[in-house]
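Peer 1: Generate a structure from the sequence data that follows.
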Amino acid sequence: MGADNAVGVKARSVAAHRSLHGLGVICGLAAGVWLGAAEAPTKLVNAGFSPFAVSLCMVAGVFTARWTFPTLLKGTTYVFADLFAKKHLMVWAVLAGALWAVANTLTVFAIRDVGLATAFPLWNTNSLIGLLWGRLLFRELQGATAKNIAKVVCGSICIVAAAIMLGFSTIQGAGGVPPHAVMGLLAAAGASLMWGTMYVPYRKAYLSGMNPLSFVTIFTVGELGTMFLLTWTLDGGMKSSAFRLMQSRQLLFWLFLGGFVWVVGDLFQQFATKYLGIGRGIPLSNTNQFWGLAWGALVFGELASANRAHLALVLGGSVVMILGALAISTAVASSRENHSRNEALARECNRYGLDYGEVLLSQSGDEFSERGGRRRWWDVAIVVAASCLFLWLGLNAVVPPLAMNLGWIAVLTLALLVALGGAGWALWRQTRFG
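Peer 2: The predicted model follows:
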């Protein structure tokens, strides 16, 4: 009888893990859809504003959204209780925000110099950086089956091959080599390095049981502060075009909107990282390169004049990168690998004096209820203030002076709403955004 109970418990544990893996996959795919759309507003860099100005204004929108979503979904009582229970993670959150700000600025340079359709897949090699850090620092894949290891290795090779193909595609375009193609490729590579390293603080936070909604609340302090410092020191101080852009309400709305879209995708990506780990979560969310390519090519017509060689390299590289990312993400962790993860969790608990049982429950999206609480009046005020800001900017907005295909904008916007509804419902049903 005891043996039967043990088998039953083990079976339920495996089923629960597979359920969380499925939830992580859903979140990762939804992240790809939203993150792919977030960079489209940075096309405004072609309107004469510096990449620093564009990035700073986009980060201002990110700051607004990152405080709004946690307040709306959990409330400030929950968020601050979670933060003060793990004070040591605040500095890690600020560091992650600083890395994000630098990476985001580099992406704007890359888009300006080589275009969105080409730059996007190049900086998505951050999955390799994240995979390396996950293996070295958190022992991910330790105890994995040979089949899972083969998926990860083959997927990584596919991602590298796709990056090379997409890099060479800038040379094969009909218009020849762009004037600053090398700098654009280097900027995309730098963004890959920054974003791949940024997930180290994230993973550390989730091993300690912190909710992604709490982590990003402090994260945004680091990104906004770093972005302002970069703009002030490297973009002319008071003479920066950022201050001119901030007075252009008709354009500012689109960058705030880009920041808003990015936050939605980033939150889904963090839940994917929580439930799948760095090595699996990042590659899956990197399907955003497909959606970035769609926005660049279908909406902005970036590939309209491309020759067959260019199209073959861009489309072939995109498909290969997606297949590589999916190969990595479909490697469901075995019981031995889960045991290795729990050992890493135990080390974090011993290092910082955390309750192992509580952290283990949090890893499964089953948190203790006493952290919650009723909504406060300031929770309502934060959400209303953010909504009014976006409404005010939207009423003053004008369509940017860029050639865009409105039909494809409608189709891709519908894809955003479907992804938001599906993944959001799955998260709420299974974990209540835990």
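Peer 1: Could you double-check that residue 100 sits in contact with residue 195?
Peer 2: Yes: if you go by Cβ atoms under 8 Å, residue 100 and residue 195 touch, sitting 7.2 Å apart. (Each C-beta comes from the backbone N, C-alpha and C, glycine too.)
Peer 1: Now residue 78: which helix or strand?
Peer 2: Per DSSP states H and E: residue 78 is located in helix 76-85.
Peer 1: what about residue 229, neighbour count?
Peer 2: By other Cβ atoms under 10 Å, 12 other residues sit near residue 229.
Peer 1: Can you list the buried residues in the one helix or strand it maps to?
Peer 2: Per DSSP H and E: residue 229 is located in helix 212-234. Residues 212-228, 230-231 are the ones in helix 212-234 that count as buried (16 or more other Cβ atoms under 10 Å).
Peer 1: Remind me what that helix packs against, helices and strands.
Peer 2: Other helices and strands packing on helix 212-234, by 3 or more Cβ pairs under 8 Å, 6 or more residues apart in numbering; DSSP states H and E, are helix 51-73, helix 76-85, helix 89-114, helix 181-207, helix 249-276.
Peer 1: where's it relative to the chain centroid, distance-wise?
Peer 2: 15 Å (Cα atoms, centre = their mean, to the nearest Å).
Peer 1: Could you look up the next helix or strand downstream of it?
Peer 2: Helix 212-234 is succeeded, C-terminally, by helix 241-246 (DSSP H and E).
Peer 1: if you average pLDDT over that following helix, what comes out?
Peer 2: Average pLDDT, helix 241-246: 73.
Peer 1: roughly how far is the helix or strand hosting residue 315 from the heart of the chain?
Peer 2: Here residue 315 sits within helix 308-329, counting by DSSP H and E. Centre-to-centre, helix 308-329 and its host chain are 20 Å apart (Cα atoms, centre = their mean).
Peer 1: Residue 218 versus residue 226, what's the distance?
Peer 2: 13 Å (Cβ to Cβ, to the nearest Å).
Peer 1: got any residues that touch both of these two?
Peer 2: Contact with both residue 226 and residue 218 is made by residues residue 97, according to Cβ atoms under 8 Å, 6 or more residues apart in numbering.
Peer 1: picking up where we left off before, just the mean pLDDT for the helix holding residue 78, thanks.
Peer 2: Here the average pLDDT along helix 76-85 is 85.
Peer 1: Read off the pLDDT value for the residue nearest to the spatial centre of the chain.
Peer 2: Nearest to the geometric centre of the chain sits residue 266, at 3.6 Å (Cα atoms, centre = their mean). On pLDDT, residue 266 comes in at 89.
Peer 1: Identify the residues contacting it.
Peer 2: Under the criterion of Cβ under 8 Å, 6+ apart, the contact list for residue 266 reads 31, 35, 216.
Peer 1: residue contacts, residue 149?
Peer 2: By Cβ under 8 Å, 6+ apart, the contact list for residue 149 reads 141, 331.
Peer 1: Quick check: which element contains it?
Peer 2: Counting by DSSP H and E, the element that carries residue 149 is helix 146-169.
Peer 1: what's the angle between that helix and helix 308-329?
Peer 2: Counting by axes from the mean of the first three to the mean of the last three Cα atoms, to 10 degrees, helix 146-169 points 160 degrees away from the direction of helix 308-329.
Peer 1: mean confidence score for helix 146-169?
Peer 2: Mean predicted lDDT for helix 146-169 stands at 76.
Peer 1: got the angle between it and helix 89-114?
Peer 2: 40 degrees.
Peer 1: Keeping just the C-alphas, turn helix 146-169 into PDB.
Peer 2: Output of helix 146-169 as PDB, limited to C-alpha atoms (Å, rounded to 0.1, in the frame of the first residue of the first chain):
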ATOM      1  CA  ALA A 146      21.000  12.400 -23.500                       C
ATOM      2  CA  LYS A 147      17.900  13.300 -25.600                       C
ATOM      3  CA  ASN A 148      17.500  16.700 -23.800                       C
ATOM      4  CA  ILE A 149      21.200  17.500 -24.000                       C
ATOM      5  CA  ALA A 150      21.100  16.700 -27.800                       C
ATOM      6  CA  LYS A 151      18.200  19.000 -28.200                       C
ATOM      7  CA  VAL A 152      20.000  21.800 -26.400                       C
ATOM      8  CA  VAL A 153      23.200  21.300 -28.300                       C
ATOM      9  CA  CYS A 154      21.600  21.000 -31.700                       C
ATOM     10  CA  GLY A 155      19.400  24.000 -31.000                       C
ATOM     11  CA  SER A 156      22.400  26.100 -30.000                       C
ATOM     12  CA  ILE A 157      24.200  25.200 -33.200                       C
ATOM     13  CA  CYS A 158      21.100  26.200 -35.200                       C
ATOM     14  CA  ILE A 159      21.000  29.500 -33.500                       C
ATOM     15  CA  VAL A 160      24.700  30.200 -34.200                       C
ATOM     16  CA  ALA A 161      24.200  29.200 -37.900                       C
ATOM     17  CA  ALA A 162      21.200  31.400 -38.200                       C
ATOM     18  CA  ALA A 163      23.000  34.400 -36.700                       C
ATOM     19  CA  ILE A 164      25.800  33.900 -39.300                       C
ATOM     20  CA  MET A 165      23.300  33.700 -42.100                       C
ATOM     21  CA  LEU A 166      21.500  36.800 -41.000                       C
ATOM     22  CA  GLY A 167      24.800  38.700 -40.600                       C
ATOM     23  CA  PHE A 168      25.800  37.900 -44.100                       C
ATOM     24  CA  SER A 169      22.400  39.000 -45.400                       C
END
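Peer 1: quick one: contacts for residue 40?
Peer 2: Neighbouring residues of residue 40 by Cβ under 8 Å, 6+ apart: 116, 258, 295, 296, 299, 300.
Peer 1: For residue 141, see how far away the fifth one is.
Peer 2: Put plainly, it is residue 299. Going from residue 299 to residue 141 by Cβ to Cβ gives 38 Å.
Peer 1: Same question for the third one.
Peer 2: Distance of residue 295 to residue 141, given as Cβ to Cβ: 33 Å.
Peer 1: neighbour count winner among the two?
Peer 2: Legend: neighbour count by other Cβ under 10 Å for residue 295 and residue 141, higher for residue 295 (24 against 21).
Peer 1: wouldn't the more buried one be in contact with residue 35 here?
Peer 2: No: using Cβ under 8 Å as the test, residue 295 is too far from residue 35 to be in contact (11.0 Å).
Peer 1: avg pLDDT for stretch 200-218?
Peer 2: Across stretch 200-218, the average pLDDT comes to 84.
Peer 1: and it, how far out from the chain's middle?
Peer 2: What separates the centre of stretch 200-218 from the centre of its chain is 13 Å, taken as Cα atoms, centre = their mean.
Peer 1: who are the neighbours in contact with residue 403?
Peer 2: Contacts of residue 403 by Cβ under 8 Å, 6+ apart are 300, 301.
Peer 1: hang on, I meant residue 280
Peer 2: 24, 28, 328, 329, 331.
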